[in-house]
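Asks: Pasting the sequence and the predicted model now:
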Amino acid sequence: MLEEKPSHPLDAYMRTDRLPHIWCPGCGIGIALQQFLWAVKELHEEGKLDPNKIVFATGIGCTGRASGFVKFDTAHTPHGRAIPFAVGVKLANPSLIPIVFSGDGDIASIGGNHMMHAARRNFDMLVIMVNNMTYGLTGGQLAPTTPHSVYSTTTPMGNPESPIDATKVVYSISPNFVARMSITHPNLIRDTVKKALLMKGFRWIEVLSTCPEIFGRHINMRDPYELYSRLKKVVKFKKVASANDIKYDWNSEITCGVFTEKNDPSYMENYLSMYGLKEKLGVLSP
Ligand SMILES: Cc1ncc(C[n+]2csc(CCOP(=O)(O)OP(=O)(O)O)c2C)c(N)n1
Ligand code: SF4
């Protein structure tokens, strides 16, 4: 007897012929991606979002492989360059909805300049940075987000540097939306993505994630549940009044929550108005 093909409610948004995916058992990237897809599905079903307008761009890395699995127009761009790719997409066709989904190495290291300047321009895109605190794909080199003193393959005596808090950097630039979420609280990722997808301007969501295979192994937490529990312990949801309230400390607190939510004119609104293209304002999707 033929076995029935298993199905899943998110199959319509996945290239199921590309499965199984490449991610290790216990990897947090799938949780982040799944919640993103739930958000798209719910908005689609509510008639608020047309998935055919999404352009899903990733850089290189384990997280970057997501562009091979989702059923949108996708681009697996050079390392660190997903944000400028998304800028080009939106300028060429303002009705499209560019979404960048990539790793912390990709976005906060080699792509760090793009991150800052897209935020400064309040450029119309949603960026989801999955932060597993390491270069996962390439075997655990030091990332700018790696906590102080922990082992990495390029700092075998421990990390002598202090990590960058990419969310705090973006918050200080003050684009329309800034949030940090965690795979330990999946429903909150979904709610936050839903909110951000309907806004204009630059929208930033960092998602703290787990890499048991590399980061976990390096800190003696190879067991996915142990690493997940360790992350859950340090995640603290808070309202913040200033950048000083946002902490990124693996040993005490990584502050999570929605930190900025506003409706300033976006880059595309300014650009189309100033360059005599006001009639195109109507086609702007979030
Ligand atoms: C220009 C360039 N430099 C370096 C690399 C090698 N490289 C591929 S993935 C990667 C790190 C990925 O780390 P991250 O973005 O954090 O993603 P993760 O694998 O952890 O999801 C690096 C350094 C590359 N592909 N291109
Ligand atoms: S190496 Fe780490 S980030 Fe990459 S798939 Fe495996 S667990 Fe996930």
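Replies: Perfect, thanks for sending it. Remember, predicted model here, so these are calculated numbers, not experimental data. Ligands and ions are numbered 1, 2, ... in the order given.

Asks: Show me what the longest strand that the chain contains is packed against.
Replies: When the chain is parsed with DSSP state E, its longest strand is strand 253-261. Under the contact criterion of 3 or more C-beta pairs under 8 Å, 6 or more residues apart in numbering; DSSP states H and E, strand 253-261 touches helix 166-173, strand 177-182, helix 186-197, strand 235-237. Yep, even glycine has a C-beta here, placed from its N, CA and C like the rest.

Asks: Repeat the analysis, applying 7 Å as the threshold.
Replies: strand 177-182, strand 235-237 (3 or more C-beta pairs under 7 Å, 6 or more residues apart in numbering; DSSP states H and E).

Asks: Give me the sheet partners of it and which way each runs.
Replies: Sheet partners assigned to strand 253-261 using DSSP bridges are listed as strand 177-182 (antiparallel), strand 235-237 (parallel), strand 248-249 (antiparallel).

Asks: show me where pLDDT drops low in the protein?
Replies: Counting by pLDDT under 70, the ranges of the chain that qualify are 1-5.

Asks: interface residues of it facing ligand 2?
Replies: The chain comes close to ligand 2 at residues 23, 24, 27, 29, 62, 132, 136, 137, 211, 212, 213, 214, as judged by C-beta under 6 Å from any ligand atom.

Asks: So which of those residues are in strands?
Replies: Of the residues of the chain next to ligand 2, none are assigned to strands by DSSP E.

Asks: Can you lay out those as a markdown table showing distance to residue 221 and neighbour count?
Replies: Shown next, in a markdown table, are those (distance: C-beta to C-beta, whole Å; neighbours: other C-beta atoms under 10 Å):
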| residue | distance to residue 221 | neighbour count |
| --- | --- | --- |
| 23 | 18 | 19 |
| 24 | 14 | 16 |
| 27 | 14 | 25 |
| 29 | 17 | 27 |
| 62 | 18 | 25 |
| 132 | 13 | 32 |
| 136 | 15 | 26 |
| 137 | 19 | 20 |
| 211 | 10 | 29 |
| 212 | 7 | 21 |
| 213 | 11 | 22 |
| 214 | 11 | 24 |
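
Asks: which pair in those spans the largest distance?
Replies: 137 and 212 (14.5 Å; C-beta to C-beta).
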